[in-house]
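Novice: What follows is a predicted structure for the sequence shown.
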Amino acid sequence: MSKAPLVIAIDGPSAAGKGTLAERLASHFSLPHLDTGLLYRAVGYLAEKTGREPAEVAAGLQAADLADPVLRGDVAGQAGSKVAAIPEVRSNLLKFQKQFSSQPSGAVLDGRDIGTVICPDAAVKLFVTASLESRAERRYRELRGRGGDTIKPRVLAEMAERDRRDSERAAAPLKAAPDAYLLDTSDMDADAAFAAALAFIEGKGFRSSGP
Ligand code: C5P
């Protein structure tokens, strides 16, 4: 069994299944989990709502700012993706993320630049992706399930736009770290994705200390 703290860095585009996978791995290995997308969503949403500078909002972000359920919606996702391209926003959120990842217990973080920028030395790096069509289909079902009134072509177009913005920006663009394990979930359900990730992590010598 490996003795190094287990830091699991999970990156990938939206609706590829990284959030669900991150939660399940955190629970399995009893690790704290940080959904870093929520930080950018909160900055984008609060900056739009208050008219304050995004970098200033990022510098003063509090844990309580992350609790608003509105942050889970696509409006906050788009707002988050816009402010995420601003280098000062990213640098103002860096320290908190680095501290979170340096806990003695280890940690699970998911986002876009975890394996490349936030935790380049993470013991485990996963890049979770899926085709645009299957991600849009999942997001459409999720939004409908929450009672949202939306149409599939719009979900697909907005997702393609966010993919493009996240991949083409100069500051910490979405890309797989060279040493990341690539997990394409287009034809996998959450159980299959978890099983594949777990097999990879156990192959590196990490085991759950639980029952
Ligand atoms: O993952 P989620 O959809 O919640 O992320 C919202 C936006 O925040 C993304 O579209 C991306 O632009 C940005 N983000 C980022 N770096 C991260 C996490 C999220 O740029 N580590």
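Specialist: Nice, thanks for sending it over.
Novice: Stretch 194-204: which residues count as buried?
Specialist: 194, 196-198, 201 (16 or more other CB atoms under 10 Å). (Each C-beta comes from the backbone N, C-alpha and C, glycine too.)
Novice: Out of the residues you listed, list just those in strands.
Specialist: Judged by DSSP state E, the subset of these located in strands is empty.
Novice: host element of Glu56?
Specialist: helix 54-59 (DSSP states H and E).
Novice: which other residues reach that helix?
Specialist: 39, 42-44, 46-47, 50, 83, 86, 88-89, 92-93 (CB atoms under 8 Å, 6 or more residues apart in numbering).
Novice: Name the member of those with the most neighbours.
Specialist: Neighbour counts for the contacts of helix 54-59, by other CB atoms under 10 Å, peak at Val43, which reaches 31 neighbours.
Novice: Whichever strand or helix holds that residue vs the ligand: in contact?
Specialist: Val43 belongs to helix 37-50 when assigned by DSSP H and E. Yes. Using CB under 6 Å from any ligand atom, helix 37-50 reaches the ligand at 37, 40-41.
Novice: who does that helix touch, helix- and strand-wise?
Specialist: For helix 37-50, the packing partners by 3 or more CB pairs under 8 Å, 6 or more residues apart in numbering; DSSP states H and E come out as helix 54-59, helix 74-83, helix 87-101.
Novice: okay, those in JSON lines with mean pLDDT next?
Specialist: Shown next, in JSON lines, are the helices and strands packed on helix 37-50 (pLDDT from 0 to 100):
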{"stretch": "helix 54-59", "mean pLDDT": "98"}
{"stretch": "helix 74-83", "mean pLDDT": "92"}
{"stretch": "helix 87-101", "mean pLDDT": "96"}
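Novice: Export those as TSV, with columns for distance to Val108.
Specialist: Conversion of the helices and strands packed on helix 37-50 to TSV gives the following (distance: least, CB to CB, whole Å):
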stretch	distance to Val108
helix 54-59	22
helix 74-83	20
helix 87-101	9
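Novice: Out of these, which gets nearest to the ligand?
Specialist: Closest approach to the ligand among those (CB to the nearest ligand atom): helix 74-83, 3.4 Å.
Novice: Which elements pack onto that closest one?
Specialist: helix 37-50, helix 152-168.
Novice: Export those helices to CSV and append columns for mean pLDDT.
Specialist: Shown next, in CSV, are the helices and strands packed on helix 74-83 (pLDDT from 0 to 100):
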stretch, mean pLDDT
helix 37-50, 97
helix 152-168, 93
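Novice: And the residue most central in space within the chain, its phi and psi?
Specialist: Centroid-nearest residue in the chain, with CA atoms, centre = their mean: Gly111, separated by 2.7 Å. Main-chain torsions, Gly111, degrees, to the nearest 10: phi 180, psi -140.
Novice: Could you report the separation of it from Arg146?
Specialist: Taking CB to CB, to the nearest Å as the measure, Gly111 falls 23 Å from Arg146.
Novice: For this structure, which residues are neighbours of the ligand?
Specialist: Close to the ligand, as judged by CB under 6 Å from any ligand atom, the chain has residues 14, 36-37, 40-41, 77, 80-81, 84, 111-114, 162, 166.
Novice: Appreciated, that's everything.
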